Each structure stands twice: as C-alpha cells, then as structure tokens.
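S.K.: Need a 3D model of the sequence below.
(chains A and B)
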2 protein chains.
Amino acid sequence: MKVNGQAHHSIWMKEGETDRVYIIDQRPLPHEFKVLSLRTVEDCARAIKEMWVRGAPLIGATAAFGMYLATQAVERQNHSIAADVDAYYQRAAKILLKTRPTAVNLQWALKKQLHIIKQAVAVLETEQQYALRTALSIHAGDIATNHSIGKYGLDILKAISEKKKGDTIHILTHCNAGWLATVDYGTATAPIYLAHQAGIKVHVWVDETRPRNQGARITAWELGQEGIPHTVIADNVGGHLMQQGMVDICIVGTDRTTYKGDVANKIGTYLKALAAKDNGVPFYVALPSSTIDWEIANGKDIPIEQRSAEEVTHIQGLDKHGVLTQVRLTPANSKAVNYGFDVTPAHLVSGLITERGVCAASEEGIRQLFRPV
Amino acid sequence: MKVNGQAHHSIWMKEGETDRVYIIDQRPLPHEFKVLSLRTVEDCARAIKEMWVRGAPLIGATAAFGMYLATQAVERQNHSIAADVDAYYQRAAKILLKTRPTAVNLQWALKKQLHIIKQAVAVLETEQQYALRTALSIHAGDIATNHSIGKYGLDILKAISEKKKGDTIHILTHCNAGWLATVDYGTATAPIYLAHQAGIKVHVWVDETRPRNQGARITAWELGQEGIPHTVIADNVGGHLMQQGMVDICIVGTDRTTYKGDVANKIGTYLKALAAKDNGVPFYVALPSSTIDWEIANGKDIPIEQRSAEEVTHIQGLDKHGVLTQVRLTPANSKAVNYGFDVTPAHLVSGLITERGVCAASEEGIRQLFRPV
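M.R.: A predicted model of the protein is given here:
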C-alpha cells in the first residue's frame, strides 16, 4: 500500500543485493518514516523481539528472511561450522523462534525453511537458493493470501453496504492487522482497502490499542496514507459505540487461532468481541491459514506473551518541538504488568475470513476449507 | 486520606478565611502535587470544566462551594444586582451546571443550594450563612456517606477473604472513584481502604483509563500514598485477567445511576462489566444516593459528555528531565473522538454499594433503601 503516494511493502529485498533485507521501522511511526536493513539472523531476531516489525504474518516473513540470511553466514564462516550444518540452522531457527511466543506464523515460517534447507544441505549454493526461494515465496504468498482475504471480506462489506443503501459502513478494528502487520494489504484491513478501491464508503473506528498504540500510531497512519476516513478512539470507547449503533462490523486480525476457532489477538480484542455479541454487531477475524495452530484445540493453551511494564508506564510521542520524546505516565513507585494478547473464544466470533473463503470459527468450519499440513 | 503521610481532603476551607476554597489540582498528578484556591463561581466552574477537580461527588461539593462563593459576590456587587437576586443565583447555578453534563451530583448539589438560598434571600448575611452551612454539610455528608459505603463494601470483601482463607483479594477498578473523586475515602475505594485498615490483604488492578488516565495517574497515586499494593494495567487487560481467574471482584464508581439501576460511569466500564459477567466475577458499583437520578429510568437517556479530541491525540507525562511534557500520539491528520462515559445496563451489575447498604441494581432494590426526594 501507499507511503507518501508510493506503493510499498513492509519488507523487501533490492535487486542485485543478496546480503540484506529492508524493513520499515515501525517504532517511530507515525512521526518518522525510517527504513532499516537487516543483515543477520540476529538482526532479524532483534527486529522481531523489539518490534521494529510486528504483526503475525510479517513476523513470519521476517523470520523466513532471517533463515535465508543464515545461509549467507554459513558461507562466510564455512570452515568453522561445516561440521554441523544442521545444528547451525537449528540454532538460527531457535534464535528467531524465541523472540515472541504468541504468533504461530513464526513457527510456521521457520518449519518451512528448516524443511527446505534440510533438503538442500551439503551444497551451499543450493541452501542459499532454496532458502531465498522460500523466503520470497512466503513474501509473495503473503501478498496473494491477503488479497484473497480482502476479496472474501469485500463480499461481507458489500452486503452491509447494500443493506445500508450505500451509506457509509462503520468498521471497528483493534491493533494493527494492516499492511504493516503483513507484507502488503493486511488481514483485517484488506477488505477495507478493497472496498475503498471499489468505491464503497467506509469509515474505520481505530482502537488506540494501548499500551503500544499500534492502532493510534500505525493503523491510523496507514489508513491516512490511503485516504481512508478513520477516527482514533481510546480502547474504552468501542462498547459505547456499539451500544449506540455506530459500528456495523468489527474486523480484527489474529496471532494464533486454534483449529477449533479460539482466537488469540492483541490484548483487549476479547472485550470488543463481548460488546459485539451483546449488541448484535458481526465480529470477524481475518487470517491467513498460516495463523491456524493445528496442534492446539483450546485457546487457553496458547502461550500469552508478557512484555515489559515500561510499555505501560511510559509512552512516546512528538513534543511541541517535533522531537520524539518518551514520558512517564504513572507514579514512580507503582507497578505495572503488560500482557500482550488475550483469547476470544470461538463462540464470540461471527466468522473467519481466510484466503480460501469465510468459515465458521469452529473445527467443522475450518476443516471445510483447510486440512492440517 | 494521606498525602505524604498527612491526612487530606480533596477540597477544604481554612479557618478564618471566608472568601475562598482550596482544592488539589488533579491535572499534574501524580507528577506534581499542587494546591489551588477558588474565589468565584467562575473559578469553580472552570475547575470543574477543565478537570482540576473531577469525580461525581467532588464535582457536587465544588459546585456547592461555588454557590457559597456566589453569595460572597452578591455582597460585593450588592447595588448592581440587588434588583434580581434570585435571577443572579439562577445564573450562578447555570454557570456551574453547564460545566459537565453526565454527573448528576452536580444538579443535586445546585438544587440543594438554590433551595436553601431561596429561603434566605433578602437578608444577605443569612444567604451567606445558609449557603456556607449547606456547602459544609455536603462536604461533611460526603465523608460520612463514603465511610458508610466503605463499611458495607467491607462486608463483601470480608466474605471473599474468608472464602479465600485470607489470601490476597484482587480487586479491579476503573477510572478514579477514589478519595480524590470525593471529599474523602472515595466510593469504590472506600471498602478497599477500610479492608486494608482492617488487615485484610488486598491488591488492586488499576485500569489506566484512557484517555485522561485517571487510573494510572490518580488511583495509582492515592493507593500508593496509602501503601496499598496495586498494579497499573492498560484498559485492554481486565478481560484477560478475569478469564485467568486473577480478579475476585470489580468495584467501580458512577456519575449517574438511574432509579432502575443502569449505571453511567467512565467510558470503558461497560466492557469490564461484560467481562465480569462472562467470567462470573462479581461486579459492584459504589455510590452515594446523590448519584441516583430519580427522573431517569433508562440509561440510554443519560447525557454522555463528549470531550476534546486532544485528550486522545495528546498525552502528558514526565520527560527524562522530570519536566511535565505533552506529546502527540497520533498522525497529525487523523481525527479522534472522545466520549467520556458509557452506560452499563443494570443486569450486568451484581449490586449497588450505598451509604444505606447493598442493594440490587433494580428499581425494587433501590427503593428498598431509598425513596425519591
């Protein structure tokens, strides 16, 4: 999608450069637009862990490129690690895997790369080629997948638009499941972008999404860059808007969805799902199939990341001089905790919007579209 | 309650001074403790409107003192306004009334003062005496009322403590219904303070309460000053904590409760009430009877204040040099809206904790304890 009018991906390689991958640094958004290059597994791990990049699909893509960069390092350190190439890649994958626990796409991308690299091990050039091909295929696949999610979601928005006789559709979203959480289009935002392109009037209620404000910072920014009408709200507001009939549909993303349809997503999603249920507002979750965890049935078994309390006690913004500044919000001796995700039980979800169509958030629904790999 | 170890009220007069009232400026808390004096109706109106003071009971008390200060101004401007003393007081009340629409205690205190002043009009000294007596009686009454709420709420906490065999009770609260929202003790916090004094182990989950962060700033600060264990959380977190069995009870305040038990309180309260219901967590609302609106049955008829979008787009905190600094959080061209309150329907409320006891959030429950004035 667009940045200052130019089409952009959230992660990319440049032609002729084989030793690095570029990302948009998402930390200073919307105040500064910065591009960083990653050259090693460790760079990629740090980028994921410290949330230079975030969003389940983008984390997966970044990890895939990380494994490709690992094949580059093998070449450079060939003599020292040739003895145990397989262990080397396992270590590289582990470095990436331990960065963040909740998004399952990370495991999915690493598993894919390890599998492919294993087939190629012993011929270095082949390892690099295979790993690059896999990373680029995950990259391209993510774009195609999200576009497809967008098309299926568009049908839902079209139906609402017809019911409203062309009046603006008000869509509430939480966190950023936008193109910056993926390679392009986003998951929850893909239907919104496609609807906007199709001339359907949309307006997005953007949950601020404390503590890291991915909504207020990133979703608001990317919607603004695409010229999509939107309004930022505190996370507390969505219930009231739904009570007042001011929300036609909620669409959110997910970091991991169990094969029975329980949805782990950014902390606070569950509260919005409860309000949607209470007010008869459709609540959809948009996801690529790489986000489905075929090994976990019950959302209670999804590991929930606990992040630094400083993300709650401090916040960053632009001061009056236009300087990015961090300020403390809480009393110096007050503790804080910071759970990154919560689980919305399947029964609160109206449907899953996937690259293969829309299904019920249930084992039956999911298995009608997908089978475990 | 305590500030730096010294007992304090949130609003007070000094002996021998009849022309001003003192308040704690709640805007720079917890970073700066500042006392301001109010000398006119306009001062009081500004203090309420700009939230130097906030909290339904404290707004009521401040308005009562505002009317007293109006009697002082009558004296000084006697010759010009004697022609229409009644109209003068009506105007003064109107200035105060239009500051904030949701908290009903404001109306209640003004009605009380207008009634009393009307009885006294024509003898200036009597007006002043009556108005002062009413303001001081609202002041003292609020303290007694909250202490009584505390005692009834304490019984609920004692029962939970016994059930938990003395283990720490985890209480979730939203916004600040603490002593700084009242003259002393608070409403939602009164049971917590009394429990702590009685040696019952309590721990408070403090909802940050965006956009003005009354939880992270004020509740955390006042609990810290009293030495009560607490943890600040983003507003998104409460649902997850309840799913995990980490909340034993929710207690919140209210700005207006209908006589059928619908509860208007700080935006986001409704979301927590939904989560409490979904997880079988008791959800109590603590209130003085002055917060009951005997004229409104249905919560939908409570006016909901819309405040400045800047409270969402900007936030204030301490920078690394210890300077109070405002920073912008959102993209410069993104809109924001800011609804101050939402309504929690009575059926989500386990009970109302009032100065006369605990009752069901229903017309029958409320009428068993109170009758309309």
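
S.K.: Do me a favour and get the end-to-end distance for stretch A:15-27?
M.R.: 26 Å (CA to CA, to the nearest Å).

S.K.: what does the average pLDDT come to for it?
M.R.: Throughout stretch A:15-27, pLDDT has a mean value of 96.

S.K.: and it, does that touch chain B?
M.R.: No - against chain B, stretch A:15-27 shows no contacts by CB under 8 Å from any CB of the partner chain, the least distance being 13.5 Å. C-betas here are computed from N, CA, C, even on glycine.

S.K.: Give me the buried stretch members for that stretch, please.
M.R.: A:20-27 (16 or more other CB atoms under 10 Å in any protein chain shown).

S.K.: What lies in contact with that stretch?
M.R.: A:3, A:8, A:10-14, A:33-39, A:44, A:47, A:50-54, A:62, A:65, A:68-69, A:72, A:128, A:132, A:180, A:218 (CB atoms under 8 Å, 6 or more residues apart in numbering or on different chains).

S.K.: again, only using 6 Å
M.R.: Applying CB atoms under 6 Å, 6 or more residues apart in numbering or on different chains, the external contacts of stretch A:15-27 come out as A:10-13, A:34-39, A:52-53, A:65, A:72.

S.K.: Residue numbers of chain A in contact with chain B?
M.R.: A:30, A:210-211, A:213, A:216, A:220-221, A:224, A:231-232, A:234-237, A:239-240, A:267-268, A:270-271, A:274, A:278, A:312, A:317-319, A:325, A:327-331, A:333-337, A:339, A:342 (CB under 6 Å from any CB of the partner chain).

S.K.: Now that we have those, which of them are buried?
M.R.: A:30, A:210-211, A:213, A:216, A:220-221, A:224, A:231-232, A:234-237, A:239-240, A:267-268, A:270-271, A:274, A:278, A:312, A:317-319, A:325, A:327-331, A:334-337, A:339, A:342.

S.K.: In strands only, show me those residues.
M.R.: Under the assignment DSSP state E, those contribute A:231-232, A:317-318, A:325, A:327-328, A:335-336, A:342 to strands.

S.K.: hmm, back to that, so which of the contacts of stretch A:15-27 is the closest to residue A:358?
M.R.: Nearest to residue A:358 out of the contacts of stretch A:15-27 is residue A:10 (CB to CB; 25.0 Å).

S.K.: Let me see the domain layout of chain A.
M.R.: A:2-140, A:153-369 (automatic domain parsing).

S.K.: Out of those, which one sits most buried?
M.R.: With neighbours defined as mean count of other CB atoms under 10 Å in any protein chain shown, the domains of chain A peak in mean count at domain A:153-369, which reaches a mean of 22.

S.K.: measure stretch A:213-223 end to end?
M.R.: 15 Å.

S.K.: Show the average pLDDT along that stretch.
M.R.: 98.

S.K.: again with stretch A:51-66
M.R.: 97.

S.K.: Next, please give the residue ranges for the helices of chain A.
M.R.: A:41-49, A:56-76, A:78-81, A:85-97, A:105-120, A:124-163, A:190-197, A:220-225, A:238-243, A:269-279, A:310-313, A:363-369 (DSSP state H).

S.K.: which ones are touching the residue at minimal distance from the centre of chain A?
M.R.: When CA atoms, centre = their mean is applied to chain A, the residue found nearest the centroid is residue A:55 (2.3 Å). Residues near residue A:55 by CB under 6 Å, 6+ apart: residue A:181.

S.K.: Widest-spaced pair of the contacts of stretch A:15-27?
M.R.: A:34 and A:72 (23.8 Å).

S.K.: circling back: mind giving me JSON lines with the buried residues of stretch A:15-27 and columns for distance to residue A:303?
M.R.: Output for those, formatted as JSON lines (distance: CB to CB, whole Å):
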{"residue": "A:20", "distance to residue A:303": "31"}
{"residue": "A:21", "distance to residue A:303": "27"}
{"residue": "A:22", "distance to residue A:303": "30"}
{"residue": "A:23", "distance to residue A:303": "25"}
{"residue": "A:24", "distance to residue A:303": "27"}
{"residue": "A:25", "distance to residue A:303": "27"}
{"residue": "A:26", "distance to residue A:303": "23"}
{"residue": "A:27", "distance to residue A:303": "24"}
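
S.K.: In strands only, show me the residues you listed.
M.R.: A:21-25.

S.K.: quick one: which of these is nearest to chain B?
M.R.: Proximity of those to chain B (CB to the nearest CB) peaks at residue A:24, which lies at 14.7 Å.

S.K.: Please report the distance of that closest one from residue A:46.
M.R.: Distance of residue A:24 to residue A:46, computed by CB to CB, to the nearest Å: 15 Å.

S.K.: try residue A:98
M.R.: Distance from residue A:98 to residue A:46, by CB to CB: 12 Å.

S.K.: ok, now residue A:369?
M.R.: Residue A:369 is 36 Å from residue A:46, where distance means CB to CB.

S.K.: and if you look at residue A:63?
M.R.: For residue A:63, the distance to residue A:46 (CB to CB) stands at 12 Å.

S.K.: cool, residue A:326 as well?
M.R.: Counting by CB to CB, the gap from residue A:326 to residue A:46 is 19 Å.

S.K.: which residue does the stretch 1-150 of chain A bring closest to chain B?
M.R.: Counting by CB to the nearest CB, the stretch 1-150 of chain A gets nearest chain B through residue A:30, at 4.0 Å.

S.K.: With adjacent residues omitted, what lies nearest to the residue of the stretch 101-250 of chain A found nearest chain B?
M.R.: Nearest residue of the stretch 101-250 of chain A to chain B, counting by CB to the nearest CB: residue A:236, 2.7 Å away. Once flanking residues are discounted, residue A:236 sits nearest to residue B:268: 2.7 Å by CB to CB, 6 or more residues apart in numbering or on different chains.

S.K.: Tabulate the helices of chain A (TSV), appending distance to residue B:357.
M.R.: Below are the helices of chain A laid out as TSV (distance: least, CB to CB, whole Å):
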stretch	distance to residue B:357
helix A:41-49	53
helix A:56-76	50
helix A:78-81	74
helix A:85-97	56
helix A:105-120	54
helix A:124-163	48
helix A:190-197	51
helix A:220-225	47
helix A:238-243	29
helix A:269-279	29
helix A:310-313	37
helix A:363-369	49
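
S.K.: averaging pLDDT over each of those, which comes out lowest?
M.R.: helix A:78-81 has the lowest average pLDDT among the helices of chain A, namely a mean of 52.
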